[in-house]
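Trainee: 3D model of this:
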Amino acid sequence: MGIRYIKEPELIDPVLVASWPGIGNIGLIAVDTLRRTMHAEEIACIEPVDFFYPNKVIIRDGELVDMEFPTCGFYYQRTDKRDLILFVGEEQPAEGGRIYAEGSKAYAMANLVLDVAQKFGCRRIYTSGAAVAPIHHTAKSRVWAVPNSQRLLDEIKHYDNTVLMSDIEGRGGQGNITGLNGLLLGVARRRGIDAICIMGEIPVYLQGFPFPYPKGSKVVLEVLTSALGIRADLETVNQLAEQSERELSALYERLPQEIREQLDRLKQATVAAQESTGGITEEDKKKILEDIDKFFKRGGREEQH
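Mentor: Below is the predicted model:
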């Protein structure tokens, strides 16, 4: 279990931005977009053998010659203000059939990520994921933020289109971040490293669908690039967001009228909710999710009476 270094450049005041798969792959799309558009170079990777089962085996001329594992790579790019390290993990090291990382493997991976961050002198870390919210898919997502230090609160309050998770109505000043996005913040706090998790909103009724939600990734990128003072080409994620909304609109037309009426109520409530950090009732949320789940279990067919 360890890290394989490909190169060890001298970096100036670097910031690490980490991502893993999650709901809507919001954080993964955001950080991988930065990696590709900024032409970041790989500098290290986490050895996968102790964390993952192989995705596949490679057979050549009848002989099994290799195994392919999920990759967890570090990439760097220099910018005008500070250097940037991007961590892109293709999978979270889950145990016991869980979706999100928990247990000793998750803790070990979090520490390895921080080992690399400290080796190159990072004093700030960002993680990114999804915030499941009672919003409509046509609305602009907000960004929810959670820092691991009280002194970061005032800074976050100046981020555009961003709200502290603890300020969301109905949470009583509390919150929960699943998987490595939250774990990394906690381990960083123990090491004395400032860290912030920023999460793009995804509609509550889409959280269980196995497709990405780039509208959430877009707002995460907008906050990241502004906070870090970097330039990045967001055209790709803009196109993905537009395509996603077209596909969701087509899906919306297939929904039974009763569900469309509920989602229309949600659409009207979204504006009010974002102005007051409120939202629809838990009863409404539960009914929307139950009805949509029933609809898709029927294969997208309306119930016959």
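Trainee: residues near the residue lying closest to residue 156 once chain neighbours are set aside, how many?
Mentor: Of all residues not flanking residue 156 in the chain, residue 145 sits nearest, at 4.8 Å (Cβ to Cβ, 6 or more residues apart in numbering). C-beta here means a position set from N, CA and C on the backbone, and glycine is covered the same way. When neighbours are counted by other Cβ atoms under 10 Å, residue 145 registers 25.
Trainee: mind checking the SS state of residue 145?
Mentor: Secondary structure assignment for residue 145 (DSSP: H, G, I helix; E, B strand; the rest coil): strand.
Trainee: quick one: it and residue 16, what's the gap?
Mentor: 17 Å (Cβ to Cβ, to the nearest Å).
Trainee: next one: residue 90
Mentor: 17 Å.
Trainee: More neighbours: these two, which one.
Mentor: A count of neighbours by other Cβ under 10 Å puts residue 16 above the other of residue 90 and residue 16, at 26 against 16.
Trainee: That one against residue 117, yeah?
Mentor: Yes: using Cβ atoms under 8 Å, residue 16 is in contact with residue 117, at 4.5 Å.
Trainee: what touches both of these two?
Mentor: Shared contacts of residue 16 and residue 117, defined by Cβ atoms under 8 Å, 6 or more residues apart in numbering, comprise 85, 125.
Trainee: Just the buried positions in the helix or strand harbouring residue 189, please.
Mentor: Using DSSP states H and E, residue 189 falls within helix 179-190. Buried residues in helix 179-190, counting neighbours by 16 or more other Cβ atoms under 10 Å, are found at 179, 180, 181, 182, 183, 184, 185, 187, 188.
Trainee: Show the contacting residues for the third one.
Mentor: This points to residue 181. 18, 20, 22, 27, 127, 128, 129, 197, 199.
Trainee: any idea how far stretch 63-73 is from the chain center?
Mentor: Chain-centre distance of stretch 63-73: 25 Å, with Cα atoms, centre = their mean, to the nearest Å.
Trainee: Now do that stretch, average pLDDT.
Mentor: Averaged over stretch 63-73, pLDDT sits at 86.
Trainee: which residues make contact with it from outside it?
Mentor: With contact meaning Cβ under 8 Å, 6+ apart, stretch 63-73 is reached by 42, 44-46, 48-49, 51-59, 87-91, 109.
Trainee: and that stretch, C-alpha only, in PDB?
Mentor: The C-alpha coordinates for stretch 63-73 follow below in PDB (Å, rounded to 0.1, in the frame of the first residue of the first chain):
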ATOM      1  CA  GLU A  63      -2.700 -16.000 -21.800                       C
ATOM      2  CA  LEU A  64      -3.800 -13.800 -18.900                       C
ATOM      3  CA  VAL A  65      -1.100 -11.200 -18.800                       C
ATOM      4  CA  ASP A  66      -2.400  -8.400 -16.500                       C
ATOM      5  CA  MET A  67      -5.200  -7.000 -14.400                       C
ATOM      6  CA  GLU A  68      -6.700  -3.600 -14.700                       C
ATOM      7  CA  PHE A  69      -7.700  -1.600 -11.500                       C
ATOM      8  CA  PRO A  70      -9.500   1.700 -10.800                       C
ATOM      9  CA  THR A  71      -6.900   4.500 -10.900                       C
ATOM     10  CA  CYS A  72      -6.300   7.200  -8.300                       C
ATOM     11  CA  GLY A  73      -4.100   9.800  -9.800                       C
END
